[in-house]
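Asker: Let me see the structure of the following:
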Amino acid sequence: MEGEMAQVLKEDINKRILKAALEEFYEKGYKSAAMRNIAQKAKIPAGLIYSYYKNKEALFNAVLSPVRYDWERVLNTKDDTHNEGEIYGLSRAETDCLIQLFEHRKEFIILMDKSEGTKYAPEKERFVLDIESHLNRHRRDEIADAVFIHIVASNFADGLMQIMYHYEGKEWAIMILQKLSKMYLSGIGL
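Answerer: From the prediction side, this is the model:
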């Protein structure tokens with residue numbers, strides 16, 4: 001019984017650390033975030049964080065775990081039928097991935113826009129390149145310029161980020177993503 005109580009307490013402390021870290025990284029980004037601020041927000045001594053996480057980088061990795069995807073794998077899934085899903089031009093797997101990201105939008109924003117100084121700093125560009133590669137595979141217009149496709153991919157990623165920043169609920173996000181997808185993807189023959 002006592003061991004179970006200790007385990008529950010450990011899990012509670014870990015949840016508080018992760019919640020506080022999410023807020024700190026979201027507000028300040030990785031470089032400016034401070035472990036003492038995270039501890040203060042979690043209402044624990046700063047040294048206790050290190051019983052759970054080796055350092056700030058390990059804590060950052062834990063915070064981002066819900067949104068660390070192999071984008072290439074998601075974009076190349078076997079369920080690659082487009083225009084049949086809930087969102088124009090996106091497969092069921094792509095749509096499911098984006099809906100999951102809406103549920104973890106703060107983590108996604110941190111990953112894409114607030115990870116300077118970490119191994120994740122180039123993640124947004126990698127995401128754009130994966131979208132670009134995917135668009136090139138599925139476009140029907142064989143004469144489209146490579147720079148044009150890059151612009152579409154980059155703008156689509158930026159539009160997705162704006163949906164994340166201004167999120168008003170799942171239904172709203174899906175509606176806006178539907179409009180964004182149709183505007184960008186129908187123009188390149190998807």
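
Asker: CA atoms for contacts and neighbours, from now on please.
Answerer: OK.

Asker: can you give me the end-to-end distance of stretch 42-61?
Answerer: Terminal residues of stretch 42-61 lie 18 Å apart, using CA to CA, to the nearest Å.

Asker: Now tell me which helix or strand of the chain has the poorest mean pLDDT.
Answerer: Least confident helix or strand of the chain, by mean pLDDT, DSSP states H and E, is helix 71-75 with a mean of 67.

Asker: so what does the helix or strand immediately after that helix in the chain touch, helix or strand wise?
Answerer: Using DSSP states H and E, the helix or strand that directly follows helix 71-75 along the chain is helix 92-103. Under the contact definition 3 or more CA pairs under 8 Å, 6 or more residues apart in numbering; DSSP states H and E, helix 92-103 sits against helix 71-75, helix 170-186.

Asker: Let's see that with 10 Å instead.
Answerer: On a contact count with 3 or more CA pairs under 10 Å, 6 or more residues apart in numbering; DSSP states H and E, helix 92-103 meets helix 71-75, helix 105-113, helix 146-165, helix 170-186.

Asker: Make JSON lines out of the ones you listed and add mean neighbour count and distance to T95.
Answerer: JSON lines is the format used below for those (neighbours: other CA atoms under 10 Å; distance: least, CA to CA, whole Å):
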{"stretch": "helix 71-75", "mean neighbour count": "16", "distance to T95": "10"}
{"stretch": "helix 105-113", "mean neighbour count": "22", "distance to T95": "15"}
{"stretch": "helix 146-165", "mean neighbour count": "17", "distance to T95": "12"}
{"stretch": "helix 170-186", "mean neighbour count": "16", "distance to T95": "9"}
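
Asker: Go through those and name the closest to R16.
Answerer: Of all those, helix 105-113 sits nearest to R16, with 15.6 Å by CA to CA.

Asker: and that closest one, how far out from the chain's middle?
Answerer: Taking CA atoms, centre = their mean, to the nearest Å, the mean C-alpha location of helix 105-113 is offset from the chain mean by 5 Å.

Asker: re earlier: quick one, which of the helices and strands packed on helix 92-103 gets closest to C97.
Answerer: Judged by CA to CA, the one of the helices and strands packed on helix 92-103 that comes nearest to C97 is helix 71-75, at 7.6 Å.

Asker: shaky segments in the protein?
Answerer: 1-9, 70-86, 140-144, 187-190 (pLDDT under 70).
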